[in-house]
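Engineer: how would this look folded up:
(one chain, ligands or ions: 1)
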Amino acid sequence: MNTTSIEQAQKADLKEIFALEQLCFDAEAFTRRQLRYLLSQARSYFLLTKQEGKISSFMILLKKKNSSGLRLYSIAVNPKFRGQGLAQILLKEAVARATADGYKYVTLEVSEINKPAVNLYLQQGFEVFGERKAYYKNGSSALLMRKAV
Ligand SMILES: CC(C)(COP(=O)(O)OP(=O)(O)OC[C@H]1O[C@@H](n2cnc3c(N)ncnc32)[C@H](O)[C@@H]1OP(=O)(O)O)[C@@H](O)C(=O)NCCC(=O)NCCS
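Structural biologist: Numbers count the residues shown, from 1 in each chain. Model prediction:
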């Protein structure tokens, strides 16, 4: 998996990205319209990987002006390709971009009950620095996490 290349998502990828979004997130999934907006605006990095000609994962990073953190807005791996290190590769790319752009941190929010994701972030050196109680539609709290770059 070390040779996996990361590509910039294109508008033509929207249909497949939307299908993957719906597969990976239920009540919290972005709408097609939200994804189209994120794909078209300059203040985000919308990145993806492909396996067997299909989109296997994607990641959205938001660049906010006057912020010390590059925000990991979404990350999703197709269930068929999980457990192979794809998310780790994407997070390393997020850290590399944050470093290159002069940010101090990569920041994110994650549901406290999303154990695969919380484990992933802890394993990649993120730490919890805050919490938003009952933040998600299922009533779970959001952990605010960040990694210094
Ligand atoms: C979370 C997610 C992105 C992980 O993707 P992945 O490519 O399977 O993750 P990796 O193979 O890179 O695993 C890296 C680490 O994450 C953690 N992890 C991944 N899947 C896990 C699972 N099912 N249970 C527990 N820990 C898990 C482990 O620490 C793992 O390291 P290890 O393999 O050395 O144990 C993927 O499960 C996913 O798309 N989930 C649905 C969308 C989502 O919840 N996104 C995060 C929103 S904040």
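
Engineer: alpha carbons only: can I get stretch 117-124 in CSV?
Structural biologist: C-alpha atoms of stretch 117-124 as CSV (Å, rounded to 0.1, in the frame of the first residue of the first chain):
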residue,chain,number,x,y,z
ALA,A,117,-11.5,6.7,13.9
VAL,A,118,-10.6,7.7,17.5
ASN,A,119,-8.0,4.9,17.5
LEU,A,120,-6.7,6.0,14.1
TYR,A,121,-6.2,9.6,15.3
LEU,A,122,-4.5,8.5,18.6
GLN,A,123,-2.3,6.1,16.7
GLN,A,124,-1.2,9.0,14.4
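
Engineer: pull out the buried positions in that stretch.
Structural biologist: The neighbour-count check on stretch 117-124 (16 or more other CB atoms under 10 Å) flags 117, 118, 120, 121, 124 as buried. C-beta here means a position set from N, CA and C on the backbone, and glycine is covered the same way.

Engineer: cool, and stretch 138-149?
Structural biologist: Quick answer for stretch 138-149 (16+ other CB under 10 Å): 141, 142, 143, 144, 145, 146, 147, 149.

Engineer: pull up the distance across that stretch, start to finish.
Structural biologist: Counting by CA to CA, to the nearest Å, you get 32 Å between the two ends of stretch 138-149.

Engineer: give me the contacts around the helix ranked longest in the chain.
Structural biologist: Longest helix in the chain by number of residues (criterion: DSSP state H): helix 86-100. When contacts are defined by CB atoms under 8 Å, 6 or more residues apart in numbering, helix 86-100 is touched by residues 1-2, 4, 6, 45, 47, 49, 56-57, 59, 61, 69-70, 72, 75, 77, 105-106, 120-121, 123-124, 147, 149.
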